[in-house]
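> Sequence isn't available, so here's the structure alone:
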Ligand SMILES: C[S@@+](CC[C@H](N)C(=O)[O-])C[C@H]1O[C@@H](n2cnc3c(N)ncnc32)[C@H](O)[C@@H]1O
């Protein structure tokens with residue numbers, strides 16, 4: 001039983017963190033954006049919300065609020081509540097796929113009755129109202145009058161920014177030119193959610209439970225396919241899903257403070273014309289941020305053929321001068337084959353190793369090691385799964401240790417650090433991949449000839465940069 005004193009400690013953590021958040025907004029002479037208003041990226045208060053001190057205080061609020069809620073809850077109700085929460089993913093996908101956010105944006109702040117929303121979305125008004133009410137109950141959308149809904153801060157963040165009529169008219173193009181967050185949400189709640197539903201079946205079947213094959217996944221069961229997911233994306237009938245995944249990868253950066261990739265490794269200390277190879281770079285959204293900040297380094301964006309096509313378009317849209325001057329190059333390259341760039345200053349692997357089990361990760365890293373010069377740096381950008389306890393390895397690696405949170409919070413900040421653990425199982429469900437602890441990263445690096453020298457936990461970000469050099 002939680003003692004009254006631990007409840008009080010948790011409530012004090014919340015109260016002190018709120019004081020700190022209020023102070024940061026007051027210092028900047030702006031107010032905390034209202035949960036009831038649509039998200040406005042041009043509001044100067046948004047920059048305060050991304051400030052590392054505010055992010056740190058918000059994490060404490062999240063961790064303590066989840067722990068105090070668990071501590072005071074009826075356990076039977078709490079566990080059933082958790083069990084039913086899959087409907088949240090399901091309703092989010094429905095709202096996203098039916099372009100509800102855009103319909104409500106056009107309706108204005110007074111909102112729109114479910115009858116009218118459903119007419120525009122081509123679905124049943126009563127069922128839609130129930131979907132939106134469940135979301136509003138979880139602070140996504142607002143029910144401003146019975147059956148009348150409007151956007152709020154959280155729903156509006158997935159606005160694709162296009163007229164709803166156009167989205168229904170040209171569904172294949174709906175994600176092109178958007179922030180990508182909605183595409184990311186739809187990938188998670190479609191391929192991810194359906195695959196996760198088969199996780200127990202995969203764990204209970206000895207043929208898949210012990211396998212590291214990228215085809216022995218919950219995903220393979222859910223989508224009845226023998227192809228690993230990236231090959232499956234390239235099948236002609238999955239063309240729209242491939243586009244959605246590509247745009248969604250760029251959108252995934254929106255959950256992080258913009259440009260956090262610049263806050264660890266000192267990119268500007270690379271020499272002029274240094275070569276940065278973005279291995280499995282997707283559309284190159286990360287190397288594009290680096291290129292904007294450090295225009296005198298050369299970027300080689302590598303990925304599979306169909307993704308490489310989209311990458312060029314993405315750069316033409318966002319940094320055409322680099323394409324025109326040849327400072328960025330697009331290479332079709334399979335990272336399970338020998339690396340063609342032999343003069344790289346940096347091999348960047350962002351959200352690559354987490355897609356693969358250890359054996360495959362070691363193969364990818366070994367190809368990079370074989371192409372490395374003595375000066376090449378390997379930079380792995382992934383979430384690092386925190387241990388729930390002290391660790392000598394953590395303490396021995398420069399930059400790896402984080403300060404312990406105040407008692408009685410869990411050592412890993414519990415619900416506030418849930419994303420790496422969600423992401424870990426997302427990777428398992430789709431690919432037999434995994435997010436890694438630092439011990440697991442050291443293992444794959446050592447076995448492929450790399451030595452980790454430094455870790456940067458990017459301030460305010462979920463991601464860390466792990467720097468390694470040839471061993
Ligand atoms: C999770 S995404 C990460 C993309 C990008 N690095 C980022 O952080 O946005 C993984 C990328 O690996 C690419 N990929 C998968 N298998 C590959 C292979 N064998 N060779 C090269 N790229 C591959 C995918 O096409 C995809 O773009």
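Structure received. Just so it is clear, the model here is predicted, and its values are computed rather than measured.

> Low-confidence stretches in the stretch 301-450 of the chain?
By pLDDT under 70, the stretch 301-450 of the chain has no low-scoring segment.

> same thing with the stretch 1-150 of the chain?
Of all residues in the stretch 1-150 of the chain, those with pLDDT under 70 make up the ranges 1-4.

> Wasn't residue 207 part of a strand?
No. Read with DSSP: H, G, I helix; E, B strand; the rest coil, residue 207 is helix and lies in no strand.

> contacting residues for the closest residue to it other than its chain neighbours?
Ranked by Cβ to Cβ, 6 or more residues apart in numbering and with sequence neighbours excluded, the top spatial neighbour of residue 207 is residue 216, at 7.1 Å. The C-beta positions use only the backbone N, C-alpha and C, and glycine is treated the same way. Listed by Cβ atoms under 8 Å, 6 or more residues apart in numbering, the contact set of residue 216 reads 202, 207, 208, 432.

> Compare the residues you listed and tell me which is most surrounded.
residue 432 (25 neighbours; other Cβ atoms under 10 Å).

> Over to that residue: give its phi and psi.
Main-chain torsions, residue 432, degrees, to the nearest 10: phi 60, psi 20.

> my read: it touches residue 214, true?
Yes. Counting by Cβ atoms under 8 Å, residue 432 touches residue 214, with 5.3 Å between them.

> Find residues that contact each of these two.
residue 357.

> The contacts of residue 216: which two are farthest apart?
207 and 432 (13.0 Å; Cβ to Cβ).

> one step back: nearest to the ligand, out of the contacts of residue 216: which one, please.
For the contacts of residue 216, the closest approach to the ligand (Cβ to the nearest ligand atom) belongs to residue 432, at 13.3 Å.

> Tell me who's in contact with that closest one.
211, 212, 213, 214, 216, 217, 357.

> For the residues you listed, give me JSON lines that also has secondary structure and distance to residue 333.
Shown next, in JSON lines, are the contacts of residue 432 (DSSP: H, G, I helix; E, B strand; the rest coil; distance: Cβ to Cβ, whole Å):
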{"residue": "211", "secondary structure": "coil", "distance to residue 333": "27"}
{"residue": "212", "secondary structure": "coil", "distance to residue 333": "23"}
{"residue": "213", "secondary structure": "coil", "distance to residue 333": "23"}
{"residue": "214", "secondary structure": "coil", "distance to residue 333": "18"}
{"residue": "216", "secondary structure": "coil", "distance to residue 333": "26"}
{"residue": "217", "secondary structure": "coil", "distance to residue 333": "24"}
{"residue": "357", "secondary structure": "coil", "distance to residue 333": "21"}
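
> which one of those has the most neighbours?
Ranked by the number of neighbours (other Cβ under 10 Å), these place residue 217 first, at 26 neighbours.

> Pull up the gap between the spatially closest residue to that residue that is not a sequence neighbour and residue 426, please.
In this structure, residue 217 finds its nearest non-sequential neighbour in residue 432, 5.2 Å apart by Cβ to Cβ, 6+ apart. Residue 432 sits 12 Å away from residue 426, going by Cβ to Cβ, to the nearest Å.

> Could you list the residues of the stretch 1-150 of the chain in contact with the ligand?
Within the stretch 1-150 of the chain, no position lies close to the ligand (Cβ under 6 Å from any ligand atom).

> tally of neighbours for residue 278?
A count of nearby residues for residue 278, using other Cβ under 10 Å, gives 28.

> That one and residue 298 touch, don't they?
No. Judged on Cβ under 8 Å, residue 278 makes no contact with residue 298 at a distance of 11.1 Å.

> So what does residue 451 have for phi and psi?
The phi/psi pair for residue 451 (degrees, to the nearest 10) reads phi -120, psi 120.

> what's the distance between it and residue 372?
Applying Cβ to Cβ, the value for residue 451 to residue 372 is 12 Å.

> These two: which is more packed in?
In this view residue 451 and residue 372 are compared by other Cβ under 10 Å, and residue 372 has more residues nearby, 21 against 13.

> Number of residues surrounding the nearest residue to that one once chain neighbours are set aside?
Nearest residue to residue 372 in three dimensions, chain neighbours excluded: residue 470, at 5.2 Å (Cβ to Cβ, 6+ apart). Residue neighbour count, defined by other Cβ under 10 Å, stands at 15 for residue 470.

> Show residues contacting the helix or strand harbouring residue 378.
For residue 378, the element it lies in under DSSP states H and E is strand 377-382. Residues external to strand 377-382 that are found in contact with it (Cβ under 8 Å, 6+ apart): 261, 265, 286, 345-354, 365, 368, 372, 435-436, 441, 445, 450, 463-469.

> quick one: is stretch 407-427 near the ligand?
No. Judged by Cβ under 6 Å from any ligand atom, stretch 407-427 stays clear of the ligand, getting no closer than 9.1 Å.

> how long is stretch 197-209 end to end?
15 Å (Cα to Cα, to the nearest Å).

> does residue 331 sit in a helix, a strand or a coil?
Classified using three-state DSSP, residue 331 is strand.

> Which residue is the nearest non-sequential neighbour of residue 323?
Nearest residue to residue 323, sequence neighbours excluded (Cβ to Cβ, 6+ apart): residue 315, at 5.1 Å.

> With residue 278 instead?
With sequence-adjacent residues excluded and distances taken as Cβ to Cβ, 6+ apart, residue 278 is closest to residue 287, at 4.0 Å.

> hang on, the earlier thing: compile the contacts of residue 432 into a markdown table and extend it with columns for distance to residue 338.
Formatted as a markdown table, these follow (distance: Cβ to Cβ, whole Å):
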| residue | distance to residue 338 |
| --- | --- |
| 211 | 27 |
| 212 | 23 |
| 213 | 23 |
| 214 | 21 |
| 216 | 27 |
| 217 | 27 |
| 357 | 21 |
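
> Mind putting these into JSON lines with distance to the ligand?
Converted to JSON lines, these look like this (distance: Cβ to the nearest ligand atom, whole Å):
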{"residue": "211", "distance to the ligand": "19"}
{"residue": "212", "distance to the ligand": "16"}
{"residue": "213", "distance to the ligand": "15"}
{"residue": "214", "distance to the ligand": "9"}
{"residue": "216", "distance to the ligand": "17"}
{"residue": "217", "distance to the ligand": "15"}
{"residue": "357", "distance to the ligand": "13"}
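
> what sits up against the longest helix seen in the chain?
Counting residues, the longest helix found in the chain (DSSP state H) is helix 4-27. Helix 4-27 has contacts (Cβ under 8 Å, 6+ apart) with 31-32, 45, 48, 51, 53-54, 57-58, 60-61, 63-65, 67-68, 71-72, 406-409.

> give me every residue that touches the residue nearest the centre of the chain.
For the chain, residue 252 is the residue whose C-alpha lies nearest the centre (Cα atoms, centre = their mean; 4.2 Å). Residues in contact with residue 252 (Cβ under 8 Å, 6+ apart) are 180, 184, 351.
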